[in-house]
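Engineer: missing the sequence, but the structure's below:
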């Protein structure tokens, strides 16, 4: 009986040891999303253990994230997505901005906690044309339907769509046509006549989804 008890005790102790090692040698993953420019706040509360959590390899993020009250991951500084991707190179400017934080508890250093954080882009940067005045020369006998490529607006925010229009006397002679990748062209709508009008002074306007406008002057010489 004593031998059986010793055997069972040894067996289950060994199993418990293996389970403990297994539990503390894997990665735990958390996925969070926050808007850029969010104010400092609590992001994640981890299970409270006997010792504190620590950020691993956190030098590049040290000004933005911090462990407080032993088990709380806090955002301590607002994040500008464009600053993160363009200046600091923490993520991409051309797709979703994702960063990864690595944490562990001091008592279980092999138990790595991965916090995958998506910085959601906001429409917080004004769009603009490369030049405020754009001049173009067009032959009066150019065919109706011909297109001239124009510079489109520049916007540092992600996946912006714009509506373009021309305003001014004679704007009905032309049409702004949107091509792929937000490129635009000036399309001839009606036959031009140098003797009737040798220059058009128009306003090219681009409006984003929040109805904010950028504009440039269009000088069309016939």
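Structural biologist: Structure received. Source: prediction; values computed, not measured.
Engineer: Who are the contact partners of the closest residue to residue 190 other than its chain neighbours?
Structural biologist: In space, and not counting its chain neighbours, residue 190 is closest to residue 173: 5.0 Å by Cβ to Cβ, 6 or more residues apart in numbering. No exception for glycine: its C-beta is placed from N, CA and C like everyone else's. The neighbours of residue 173, taking Cβ atoms under 8 Å, 6 or more residues apart in numbering as the test, are 188-190, 192, 200.
Engineer: Now with 7 Å, please.
Structural biologist: If you count contacts by Cβ atoms under 7 Å, 6 or more residues apart in numbering, residue 173 has them with 189-190, 192.
Engineer: In the protein, what residue spans correspond to strands?
Structural biologist: 28-35, 41-45, 53-56, 65-68, 72-75, 97-105, 108-120, 133-137, 147-150, 163-167, 174-178, 184-188, 199-207, 213-221 (DSSP state E).
Engineer: Quick one, which of the contacts of residue 173 are buried?
Structural biologist: residue 192 (16 or more other Cβ atoms under 10 Å).
Engineer: The contacts of residue 173 into CSV, with extra columns for distance to residue 40?
Structural biologist: Converted to CSV, those look like this (distance: Cβ to Cβ, whole Å):
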residue, distance to residue 40
189, 54
190, 58
192, 59
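Engineer: Break the protein down into its structural domains.
Structural biologist: Using automatic domain parsing, the domain parsing of the chain gives 27-120, 133-221.
Engineer: Isn't residue 98 up against residue 118?
Structural biologist: Yes: using Cβ atoms under 7 Å, residue 98 is in contact with residue 118, at 5.4 Å.
Engineer: re earlier: switch the domains of the chain over to TSV; also include mean pLDDT.
Structural biologist: Formatted as TSV, those follow (pLDDT from 0 to 100):
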stretch	mean pLDDT
domain 27-120	90
domain 133-221	92
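Engineer: Looking at the ones you listed, spot the one closest to residue 126.
Structural biologist: Of all the domains of the chain, domain 133-221 sits nearest to residue 126, with 6.8 Å by Cβ to Cβ.
Engineer: what about that closest one, how long is it end to end?
Structural biologist: 13 Å (Cα to Cα, to the nearest Å).
Engineer: Same question for stretch 140-154.
Structural biologist: 31 Å.
Engineer: Stretch 113-132 too?
Structural biologist: The straight-line separation of the ends of stretch 113-132 (Cα to Cα) is 50 Å.
Engineer: Give the buried residues for that stretch.
Structural biologist: If you call a residue buried by 16+ other Cβ under 10 Å, then stretch 113-132 has these buried ones: 113, 115, 117, 119, 121, 127, 129.
Engineer: Quick one: distance of it to the chain centre.
Structural biologist: 4 Å (Cα atoms, centre = their mean, to the nearest Å).
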